[in-house]
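>>> Okay, structure incoming, though there's no sequence with it:
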């Protein structure tokens, strides 16, 4: 097998330049990098991960920590992060904390502190001061996704604004009896997603001078099954049924769609439904939603992390970066039936 010296001779550069070009550590012009990569490919040269780690003190491996992997949002973030890391020559080690407090303690007190990863991406985890300190003390950069973490570069989604936008869409269509399917109290953990999105719903209702009725709120667990059960409760009543539902996630919104179908209701003629996420099934169900682009969140987290691992001489970036979101209107929302029956001059 060819060695680094042969690659250097073929590319017409020094062995140090070959090392920088193939490792991604240090500056190399794009033209030189391409020449080195072409020479390495021609000779079948593969960088030794062990040698690279010894020389740089890096493993070229990033730990990604998620509270759940079975949920679409988290798997999409991981998918985006993994693709971005691979393109930069990094491996990914995934830590799934769905087992509760004990796995979390083991990951942050043992696994991440060993020399197995160069940096950490924490997805929707509100890290404690101690967890942050342990990693920073051994110079492992971190990026968080989901909400602000003191002292850590974070990508934050304004969940209040996201929920407010979804609710305002229903209000703009003329709905006044709007139900909310939100996160159950026992799931209101890191960054308090359920209660935060409920605040956005309530803010939109307050600003429109619409009543917020306790009987038009149903908690669920961010799953299709949970949304189905909540939808049955809201739409199965014999009278005073809501004309619209805002669900705090697309999976719960899809559950509400299925509940409406099983109750013999038409969406959106009898009830309009909107969610949050732009889940991979949202377009199939014609679901109106507020997209939060989780795959791009994973890609952006890697870009930010590379800046932490290989900082340039520029000004330091801000700790918090706001993530984009977008209302996507599909066929699950429309004006309420009684609004369509009014004279057109009213509008």
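On my side now, so go ahead. Quick caveat, the model's predicted, so the values are computed rather than measured. Numbers count the residues shown, from 1 in each chain.
>>> so what's the most centrally placed residue in the chain closest to, chain neighbours aside?
Nearest to the mean C-alpha position of the chain, by Cα atoms, centre = their mean, lies residue 294 at 3.8 Å. Nearest in space to residue 294, with sequence neighbours left out and distances taken as Cβ to Cβ, 6 or more residues apart in numbering, is residue 76 at 3.9 Å. Every C-beta, even on glycine, is put in place using the N, C-alpha and C of the backbone.
>>> Just to check, the one you found is in contact with residue 292?
No. Assessed by Cβ atoms under 8 Å, residue 76 is found out of contact with residue 292, at 9.8 Å.
>>> For the residue nearest to the centre of the chain, give its distance to residue 73.
Distance, residue 294 to residue 73, by Cβ to Cβ, to the nearest Å: 5 Å.
>>> Mind listing the shared neighbours of these two?
Applying Cβ atoms under 8 Å, 6 or more residues apart in numbering, one finds that residue 294 and residue 73 are jointly contacted by residue 277.
>>> Tell me who's in contact with the residue nearest to the centre of the chain.
By Cβ under 8 Å, 6+ apart, the contact set of residue 294 is 72-74, 76-77, 80, 277.
>>> Likewise for residue 292?
The neighbours of residue 292, taking Cβ under 8 Å, 6+ apart as the test, are 157, 162, 276-278, 323, 325.
>>> Let's see that with 6 Å instead.
Applying Cβ atoms under 6 Å, 6 or more residues apart in numbering to residue 292 gives the contacts 157, 325.
>>> Show me how the record splits this protein into domains.
Following automatic domain parsing, one gets these domains for the chain: 4-56, 61-157+295-316, 159-291+327-346.
>>> Quick check: mean pLDDT of the last one?
For domain 159-291+327-346, mean pLDDT is 92.
>>> same question, the first one
Per-residue pLDDT values across domain 4-56 average out to 74.
>>> Packing partners of the host helix or strand of residue 17?
Assigning secondary structure by DSSP states H and E places residue 17 in helix 15-23. Judged by 3 or more Cβ pairs under 6 Å, 6 or more residues apart in numbering; DSSP states H and E, helix 15-23 is in contact with helix 4-11, helix 30-43.
>>> what's the longest one in contact with?
Contacts made with helix 30-43 from outside it, assessed by Cβ under 6 Å, 6+ apart, are listed as 2, 6-7, 10-11, 18, 21.
>>> Just the buried ones out of these, please.
For these, burial is judged from neighbour counts taken by 16 or more other Cβ atoms under 10 Å, and it is met by 6-7, 10-11, 18, 21.
>>> which residues of the stretch 151-300 of the chain fall in strands?
Per DSSP state E, counting those that start in this stretch, the stretch 151-300 of the chain has strands spanning 153-156, 178-183, 217-220, 244-247, 272-277, 288-291. These are given in chain order.
>>> how much distance is there from the second one to the middle of the chain?
It refers to strand 178-183. Strand 178-183 has its average C-alpha position 21 Å from the chain's average C-alpha position, going by Cα atoms, centre = their mean, to the nearest Å.
>>> now do the first one
Mean C-alpha position of strand 153-156 versus that of the full chain (Cα atoms, centre = their mean) differs by 11 Å.
>>> Give me the mean pLDDT for that strand.
Strand 153-156 shows a mean pLDDT of 92.
>>> This protein: helices as residue ranges?
Using DSSP state H, the helices of the chain run over residues 4-11, 15-23, 30-43, 49-56, 72-87, 101-109, 129-137, 159-172, 193-207, 224-235, 250-262, 294-309, 337-340.
>>> ok, and what's touching the first one?
In this case it means helix 4-11. When contacts are defined by Cβ under 6 Å, 6+ apart, helix 4-11 is touched by residues 14-15, 18, 35-36, 39-40, 43, 45.
>>> ok, 8 Å please
Helix 4-11 is contacted by residues 14-15, 17-19, 32, 35-36, 38-40, 42-43, 45 when judged by Cβ under 8 Å, 6+ apart.
>>> how big is the angle separating it from helix 15-23?
Orientation note: helix 4-11 sits at an angle of 90 degrees relative to helix 15-23 (axes from the mean of the first three to the mean of the last three Cα atoms, to 10 degrees).
>>> thinking again about what came up before, return the most buried member of the helices of the chain.
helix 250-262 (a mean of 25; mean count of other Cβ atoms under 10 Å).
>>> Quote the end-to-end distance of stretch 308-322.
Chord length of stretch 308-322, first to last residue, is 18 Å (Cα to Cα, to the nearest Å).
>>> same check, this time on stretch 241-255
End-to-end distance of stretch 241-255: 17 Å, with Cα to Cα as the criterion.
>>> How far off centre is it?
Averaging C-alpha coordinates over stretch 241-255 and over its chain gives two centres that are 20 Å apart (Cα atoms, centre = their mean).
>>> do the same with stretch 322-333
Taking the mean C-alpha point of stretch 322-333 and that of its whole chain, the gap between them comes to 15 Å (Cα atoms, centre = their mean).
>>> Give me the buried positions along that stretch.
Going by neighbour count (16+ other Cβ under 10 Å), the buried part of stretch 322-333 is 323, 325, 332-333.
>>> Any chance of the residues you listed in JSON lines with distance to residue 63 as columns?
What follows is these, written out as JSON lines (distance: Cβ to Cβ, whole Å):
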{"residue": "323", "distance to residue 63": "21"}
{"residue": "325", "distance to residue 63": "27"}
{"residue": "332", "distance to residue 63": "38"}
{"residue": "333", "distance to residue 63": "40"}
